[in-house]
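Engineer: Build me a model from this:
(chains A, B and C)
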Amino acid sequence: MPRGAVHEALAGLELVDHHCHGVVVDPLDRPGFEALLTEGDRWPGMSTFDTPVGVAVRRHCAPLLDLERHAPADVYLARRAELGPREVNRRFLTAARTGVFCVDTGFAQHRVTTVAELAAGGGAAVGHEIVRLEAVAEAVAARGVDADGYADAFRAAALDAVRRPGVVAVKSVAAYRTGFELDPARPAEAEVTRAARRWLARGGRLDEPVLVRHLLWTAVDLGLPLQLHTGFGDHDIRLHRVDPTHLTDWLHLTAGTIPVLFLHCWPYQRQAGFLAAVFEQVYLDVGLTLHHVGPVRARAVLEEALEITPFRKLLYSSDAYGLAEFYGLGALAFRRGLGELLQDRVDADELSLPDALRLARWAAADNARRVYRLPDGH
Amino acid sequence: MPRGAVHEALAGLELVDHHCHGVVVDPLDRPGFEALLTEGDRWPGMSTFDTPVGVAVRRHCAPLLDLERHAPADVYLARRAELGPREVNRRFLTAARTGVFCVDTGFAQHRVTTVAELAAGGGAAVGHEIVRLEAVAEAVAARGVDADGYADAFRAAALDAVRRPGVVAVKSVAAYRTGFELDPARPAEAEVTRAARRWLARGGRLDEPVLVRHLLWTAVDLGLPLQLHTGFGDHDIRLHRVDPTHLTDWLHLTAGTIPVLFLHCWPYQRQAGFLAAVFEQVYLDVGLTLHHVGPVRARAVLEEALEITPFRKLLYSSDAYGLAEFYGLGALAFRRGLGELLQDRVDADELSLPDALRLARWAAADNARRVYRLPDGH
Amino acid sequence: MPRGAVHEALAGLELVDHHCHGVVVDPLDRPGFEALLTEGDRWPGMSTFDTPVGVAVRRHCAPLLDLERHAPADVYLARRAELGPREVNRRFLTAARTGVFCVDTGFAQHRVTTVAELAAGGGAAVGHEIVRLEAVAEAVAARGVDADGYADAFRAAALDAVRRPGVVAVKSVAAYRTGFELDPARPAEAEVTRAARRWLARGGRLDEPVLVRHLLWTAVDLGLPLQLHTGFGDHDIRLHRVDPTHLTDWLHLTAGTIPVLFLHCWPYQRQAGFLAAVFEQVYLDVGLTLHHVGPVRARAVLEEALEITPFRKLLYSSDAYGLAEFYGLGALAFRRGLGELLQDRVDADELSLPDALRLARWAAADNARRVYRLPDGH
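Structural biologist: Residues are numbered from 1 along each chain as shown, chains lettered A, B, ... in the order given. Take a look at the predicted model:
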């Protein structure tokens, strides 16, 4: 572990992971593991271990499975299979030293842990839930609704969903469905009905622009913080359409209502930081990015994310999905990256140590507690 | 101070600050100071001191007020009040060691220093004036003009303004009003008249796209260098619309006429550098950015700004407004950041010392003198 | 030379330069040399030596001409003239230690080396050819064709061109002609004919959007890897239109067909890396960028290019044109930048040495051999 008071403090802090997913509970073979290791796919002649995140797994996760650093992929996977999913998940979740998990339960292509199982896996952690609004809308459509009834049915279903115990926020993947070059205004009722007619006739994912706008405005009405996927993800993303500054007009219209949390952000972390600096309601994290770039680049990304961002506005998330390794790596990369950034500033006398410790606590946990109004210690 | 011949040379150089504003002459209470410290606003539960620029003020400005480094905000503001605005402004302006101030007088939400007062505050400095063209147009409208007479009246008023003694350039905030995705062509007379009719009927800020184009072309006719706000600012900016490369077609059409100086640029400093590398008339600075990111990131931003930029094309500005601290911080961040960049290259034998000293002089002062045709020593 | 096992390995590796051009065979006077040194032009009162690449030439190329490091431009050019183009070219090409050159023969504003001469100049190197498709289309038009016959004639000419011995890939400069905001679909035959009618009537460069799309789809039909200019170049580029993520829809439509290699990429290296991470067929390099930013910034650009990029997806190119210096500088910046990146990770135990050596071999040569199916050692 790197040395210094900031590093030590960060090592001792329990994180609030304000956006994550379940981990796979079944054994994974090599194809299954390699598929989860990438935002791309498995391609002939290329192992997904030959990526920055693959190198980081072999370096930082292997020792947690009692292996040498940089263990070969085959050795790693054999040992992982030997230990079994329950033990593997326990080790990485424990290593993450996370006190609170806020879990997006709306995406699962595998059998994954529930919120309670995830929290239990990490020791005495607390689990909260994030409601993915597109999943709510699609469930409404799947249950059967006509266009005239769509808006009411979606609103009612969303209200039901957020009233479940433990729900602290909603999330939208508008980034994947339309991107952010949307008309910012709240759509009129008749417009929503016409769009619902088109969508319900066509079926499939909610990708009708008017309904995506309607969904974002419904989030405003729900009154909970809204998490927005921003920046990189899988190949469904049109990266140039998910620069969060495209939402500026919408942020003006919704100022004074709900907190908006930009997730991931890379490579638009500076743009997200700008929005966090000039809009009261905007927050950001660099989750997902942290484990994909790995500890070797986490600091560089965080440096950009924090260039002008108020220190009350940066949160931690792993955005881990599927592989418990990502919980461990995300937490490590965050602690290491933020620690190096702050420690070097303290060492250069650019920041006082008490300030550095305060900023570390804020980013690691307190900012999330504040935004989601989590009880202290939860 | 960092050590090395380049750092020493930069410490000894008087800067030409080619774009700045007045500083507030009245006492500032905490809300007033905090509001000026951010491009955002003051928000409940968050101090604007808890930002990169706030940390930099407590670190680098406190000692100039005879306080410990990292003095608490309250202590800082109490001492600031005790000394009074005149003495505070004197200390920071002197610390900036700036020989020439080119002052944009078109923006002032507070009682601020005049050009002469600002120059006097910095010792024996010289003050020049930058005419903000939107302010000229809006004054023309305020005085009363009809649509048919708008073009002539604006041109006459702009000519009058630039003929005042001490005016060395004009400036446009087209970035704030329309962004840069404009038709690049000079608008026809009839088009201008129709647009003026729309604008004069509606009133308010000059944000009519045809009139903004007309303003940019009027700048070409005036023949003076044109400063263009680029990249970040307050929440009126739609950041994705102020990437300066959107002006490429306009730069082609106006090649061979006036110098164009991109201000601030962040996070588009690489894009601005590209334009400076391929268009003779393009120059850039990273003013405003320097104090907001602070000395800890000034070098990183300058490294990107200089990746391919010809060394004749980088200028210094503080873009300080309101707080005299920004003069001190901007100058410090520039000297420190550029010094580290050049000194490390000299130390690694990637750049000769004489070259480094020449490049430092150019960026600190000579490039601005050349563009604005300032007399030597002024 | 920097020390360490990775640096030593990279020093010993013969590069595959997968995209380059000929070097000028005639003597160059100062204006001629300075014009080739920049993507801009020569401007009064500014020497193109006063740029990052100019500083790098004086630092790193002067010793290869038996001069002191940082030799003045005049001394450099006098010595260059004294040695003569043949000897100068030989020295820099040899210094590049390049085993394979893949030469774009479609651009030459000067008398430049043929593929064979270039390969011979670098010792016992092998030369392959890249066919620039816009040049093929423009030659078809120049020979005379009517609109109805354009599609067939272009296809036949392209097939003829790629069947020449030594051709390993095709290239498009769509970036210069239209940018990447193109309808991604294959254009219908009638649409192509109408567009050809417009273009042939008008003449000039192939900049008709439908025909550019048709050209990209013809590349798919040809079945060879397609190189695409991306990011910065001369002032004909509209930089915001050549972010490669604008091609996402086209990459979806052409998945499973040909490899697509994004060249240069700067400042969009992160965006290109994203595409390489999520599309099997996408590869990238930071050629051209490397010598323009020089060895002092090569590592920073490579760090960003490799943040999430699979290690099978990064290739080396110089994109040298005209000046043999660019061969030497590009190779040096690549070896130095990649060496520092990998060596530091090895030194910090973030990467094993065997992995680092493998990744170095892949990027330096093996990835290109694999994509272009080059015989081993060629």
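Engineer: Where does the prediction get shaky in the stretch 201-350 of chain A?
Structural biologist: Scanning the stretch 201-350 of chain A for pLDDT under 70 picks out nothing.
Engineer: Now look at the helix or strand where residue A:275 lies and say if it contacts chain B.
Structural biologist: Counting by DSSP states H and E, the element that carries residue A:275 is helix A:269-278. Yes. For a cut-off given as C-beta under 8 Å from any C-beta of the partner chain, helix A:269-278 has contacts with chain B, namely A:270-271, A:274, A:277-278. For every residue, glycine as well, the C-beta is placed using N, CA and C.
Engineer: list the helices and strands whatever helix or strand comes next after that helix packs on?
Structural biologist: Using DSSP H and E, the next helix or strand after helix A:269-278 towards the C-terminus is strand A:282-284. If you count contacts as 3 or more C-beta pairs under 8 Å, 6 or more residues apart in numbering or on different chains; DSSP states H and E, strand A:282-284 packs onto strand A:260-264, helix A:269-278.
Engineer: Out of these, the one nearest residue B:235 is which?
Structural biologist: Ranking these by proximity to residue B:235 (C-beta to C-beta) places helix A:269-278 first, at 3.9 Å.
Engineer: Report the buried members of the residues of helix A:269-278 next to chain B.
Structural biologist: By neighbour count, with 16 or more other C-beta atoms under 10 Å in any protein chain shown, these hold A:270-271, A:274, A:277-278 as buried.
Engineer: Reformat the residues you listed into TSV and put distance to residue C:213 next to each item.
Structural biologist: TSV is the format used below for these (distance: C-beta to C-beta, whole Å):
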residue	distance to residue C:213
A:270	33
A:271	30
A:274	35
A:277	40
A:278	39
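Engineer: residues from chain A in reach of chain B?
Structural biologist: Counting by C-beta under 8 Å from any C-beta, the positions of chain A adjacent to chain B are A:243, A:245-246, A:248-249, A:251-252, A:270-271, A:274, A:277-280, A:303, A:306-312, A:345, A:348-352, A:355, A:359, A:370.
Engineer: number of nearby residues for residue A:213?
Structural biologist: 22 (other C-beta atoms under 10 Å in any protein chain shown).
Engineer: Let's verify the residue of the stretch 251-378 of chain A found nearest chain C: helix, strand, or coil?
Structural biologist: Proximity of the stretch 251-378 of chain A to chain C (C-beta to the nearest C-beta) peaks at residue A:267, 3.9 Å away. Secondary structure assignment for residue A:267 (DSSP: H, G, I helix; E, B strand; the rest coil): coil.
Engineer: Tell me, how many residues neighbour it?
Structural biologist: Using other C-beta under 10 Å: residue A:267 sits among 24 other residues.
Engineer: Same question for residue A:171.
Structural biologist: For residue A:171, the count of nearby residues is 26 (other C-beta under 10 Å).
Engineer: again with residue A:346
Structural biologist: 18.
Engineer: coming back round to it: out of the residues of helix A:269-278 next to chain B, who's nearest residue A:170?
Structural biologist: Checking these against residue A:170 with C-beta to C-beta, the nearest one is residue A:271 at 22.7 Å.
Engineer: My read is that the closest one contacts residue A:244, right?
Structural biologist: Yes. With contact defined as C-beta atoms under 8 Å, residue A:271 counts as touching residue A:244 (5.9 Å).
Engineer: Quick check, pLDDT for the closest residue to residue A:112 other than its chain neighbours.
Structural biologist: Counting by C-beta to C-beta, 6 or more residues apart in numbering or on different chains, residue A:112 lies nearest to residue A:22, which is 2.9 Å off, once chain neighbours are set aside. Looking at residue A:22, its pLDDT stands at 94.
Engineer: again with the one 5 residues further on
Structural biologist: At residue A:27 the predicted local confidence, pLDDT, stands at 97.
Engineer: Would you mind measuring from the residue nearest to residue A:112 to residue B:248?
Structural biologist: 47 Å (C-beta to C-beta, to the nearest Å).
Engineer: tell me the mean pLDDT over the helix or strand hosting residue A:9?
Structural biologist: Here residue A:9, judged by DSSP H and E, is contained in helix A:5-12. Taken as a whole, helix A:5-12 carries a mean pLDDT of 96.
Engineer: what's the domain layout of chain A?
Structural biologist: Segmentation of chain A into domains, based on automatic domain parsing, reads A:5-25+A:86-371, A:28-83.
Engineer: just to revisit the earlier point, need the overlap of contacts for residue A:271 and residue A:244.
Structural biologist: residue A:265 (C-beta atoms under 8 Å, 6 or more residues apart in numbering or on different chains).
Engineer: what number of residues lie near residue A:85?
Structural biologist: Per other C-beta under 10 Å, the neighbour tally for residue A:85 reads 18.
Engineer: Kindly confirm my reading that it is in a helix.
Structural biologist: Yes. According to three-state DSSP, residue A:85 belongs to a helix.
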